[in-house]
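> what's the 3D shape of this:
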Amino acid sequence: LTFATMVAAQAAGVNVFGALGEWTDNAFRFNLGTPPTSRLLSEEEAYVEAFRGRLYEIGIPADLAPTWYPEGFVPDMNRLYTETVEDGFDSVGCGFDNEAEDKHYTISIDRYYDKELLNNLIVEKNDKDEVETYTVNKRTFYIMRNNPGYTGTWSDGELLIVIGGNLSKTEVKEIINSIGG
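Below you'll find the model as predicted:
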């Protein structure tokens, strides 16, 4: 009944089949609406895709890559790295520069195979400042002052994220907020 109705509508001048697909003697394409226009990725989008790609290549969840960075900072794609320490850990990281203000920071995401290496890791902080806990997407980050700015770090016992450099506490939190769920 449905097919008969479609044929009758087509015979009456309604292009039912053409609405679903178009074809010629040697080609067919679906007609599912306007295709997306191609465009170049912005510098920020290119960085996010490259960082996620590096994480994916070594088996670290790609959604751990932050998707936001502070205004004025530009990812230095020459400082985007992947490192493997045999029987120790894999690491993906990138450096960011704000040349106008002579500021820099880095992000690294590591996967540890040797828990002792992670247990022995020390993140430096100022001796007089308190460590703040900040929970987003069921991950508790520890934010601490480390001259000249703030550092944020998180670990689940295997994975480790460290964000640090010339950043304000608010900027560290915004970067953390952009890490996927």
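> contacts for stretch 151-164?
60-61, 64, 66, 105-112, 115, 118, 121, 123-125, 134, 139-146, 149-150, 165, 172-173, 175-176, 179 (Cβ atoms under 8 Å, 6 or more residues apart in numbering). Where C-beta positions appear, they are placed from N, C-alpha and C, glycine not excepted.
> determine the longest strand present in the chain.
strand 74-85 (DSSP state E).
> state the mean pLDDT of that strand.
Strand 74-85 shows a mean pLDDT of 89.
> please name the residues that touch the most centrally placed residue in the chain.
Centre of the chain computed as the mean C-alpha position; nearest residue by Cα atoms, centre = their mean is A65, 3.1 Å away. For A65, the contact set (Cβ under 8 Å, 6+ apart) comprises V48, F51, R52, L55, I109, I179, G180.
> list phi and psi for it.
Torsion angles at A65 (phi, psi; degrees, to the nearest 10) stand at phi -70, psi 130.
> repeat for the one 5 residues further on
Geometry field for P70 lists phi and psi as phi -60, psi 150, criterion degrees, to the nearest 10.
> also E44?
phi -60, psi -50.
> show me where this structure has helices.
Here the chain has its helices, by DSSP state H, at 2-11, 16-20, 43-57, 115-119, 169-177.
> of these, which shows the lowest average pLDDT?
Confidence, taken as mean pLDDT, is least for helix 16-20 of these (a mean of 48).
> and the buried ones among the contacts of stretch 151-164, selectable in PyMOL?
Per 16 or more other Cβ atoms under 10 Å, the buried members of the contacts of stretch 151-164 correspond to this PyMOL selection:
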select buried, resi 60+64+66+105+107+108+109+110+111+112+118+125+134+139+141+143+144+145+146+149+150+165+172+173+175+176+179
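> from the contacts of stretch 151-164, which land in strands?
Among the contacts of stretch 151-164, the ones falling in strands (DSSP E) are 105-112, 134, 139-146, 149-150, 165.
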